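Q: I would like to see how this sequence folds:
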Amino acid sequence: MAAEQDRSLTKSDIELLMETYQNMFIMHKTVLDQQLSMNECLKNILENQKGIGINYIELLKIIGKIEMISNITDDGNKDITKVVDAINSGVKSHNDEFLKFSGAITNKVYIAWIGSASIIMGLIAIFFK
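A: Residues are numbered from 1 along each chain as shown. Take a look at the predicted model:
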């Protein structure tokens, strides 16, 4: 009978068991809170990495343009006139395209004026008849 009494749970045993469950719950909640905090930090790191990647791509574009300019200058020869000539030819082609575009707009404005004048002349002729 003494062996049976040793096997039964006492009130203090149940209190210890419940305190253990409570401690485990608190521990798991603390770990979860830490993981959420770490997740936010990782999101911030990911956003920073994306920004660095975008800046790196822009930097590669600039490096490509610098390499193009250095290729124009004949293998590192610092003849700046070739670079200036290349830039001037680019500007000249841009100006030529702009002049063609503005000329086309000017022609359309002239056509609109002629059309408006002919309509007004027709209305005046109808009015005086």
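Q: give me the domain ranges for this structure.
A: Domain assignment for the chain, taken from automatic domain parsing, gives 1-72, 76-129.
Q: give me the neighbour count for residue 102.
A: 10 (other Cβ atoms under 10 Å). Yep, even glycine has a C-beta here, placed from its N, CA and C like the rest.
Q: just the strands in the chain please.
A: Using DSSP state E, the chain contains no strands.
Q: quick one: low-confidence ranges for it?
A: Within the chain, the segments meeting pLDDT under 70 span 1-6, 70-84.
Q: just checking, what packs against the longest helix seen in the chain?
A: Ranked by residue count and defined by DSSP state H, the top helix of the chain is helix 11-72. If you count contacts as 3 or more Cβ pairs under 8 Å, 6 or more residues apart in numbering; DSSP states H and E, helix 11-72 packs onto helix 80-128.
Q: which secondary structure elements does the helix it packs on contact?
A: Applying 3+ Cβ pairs under 8 Å, 6+ apart, one finds that helix 80-128 contacts helix 11-72.
Q: got the angle for the helix it packs on vs helix 80-128?
A: Between the axis of helix 11-72 and that of helix 80-128 there is an angle of 90 degrees, by axes from the mean of the first three to the mean of the last three Cα atoms, to 10 degrees.
Q: which residues does stretch 14-34 contact?
A: residue 9 (Cβ atoms under 8 Å, 6 or more residues apart in numbering).
Q: kindly report the same for stretch 106-124.
A: Contacts for stretch 106-124 (Cβ under 8 Å, 6+ apart): none.
Q: list the buried residues for it?
A: By 16 or more other Cβ atoms under 10 Å, stretch 106-124 has no buried positions at all.
Q: would you put the C-alpha positions of it in PDB?
A: Extracted in PDB, the C-alpha atoms of stretch 106-124 (Å, rounded to 0.1, in the frame of the first residue of the first chain):
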ATOM      1  CA  THR A 106       5.400  73.700 -88.000                       C
ATOM      2  CA  ASN A 107       4.100  72.200 -91.300                       C
ATOM      3  CA  LYS A 108       1.000  70.900 -89.500                       C
ATOM      4  CA  VAL A 109       0.300  74.300 -87.900                       C
ATOM      5  CA  TYR A 110       0.500  75.900 -91.400                       C
ATOM      6  CA  ILE A 111      -1.900  73.400 -92.800                       C
ATOM      7  CA  ALA A 112      -4.300  74.000 -89.900                       C
ATOM      8  CA  TRP A 113      -4.100  77.800 -90.500                       C
ATOM      9  CA  ILE A 114      -4.800  77.300 -94.200                       C
ATOM     10  CA  GLY A 115      -7.700  75.100 -93.400                       C
ATOM     11  CA  SER A 116      -9.100  77.500 -90.900                       C
ATOM     12  CA  ALA A 117      -8.700  80.400 -93.300                       C
ATOM     13  CA  SER A 118     -10.500  78.500 -96.100                       C
ATOM     14  CA  ILE A 119     -13.400  77.600 -93.800                       C
ATOM     15  CA  ILE A 120     -13.700  81.300 -92.600                       C
ATOM     16  CA  MET A 121     -13.600  82.500 -96.200                       C
ATOM     17  CA  GLY A 122     -16.300  80.000 -97.100                       C
ATOM     18  CA  LEU A 123     -18.500  81.200 -94.200                       C
ATOM     19  CA  ILE A 124     -18.000  84.800 -95.200                       C
END
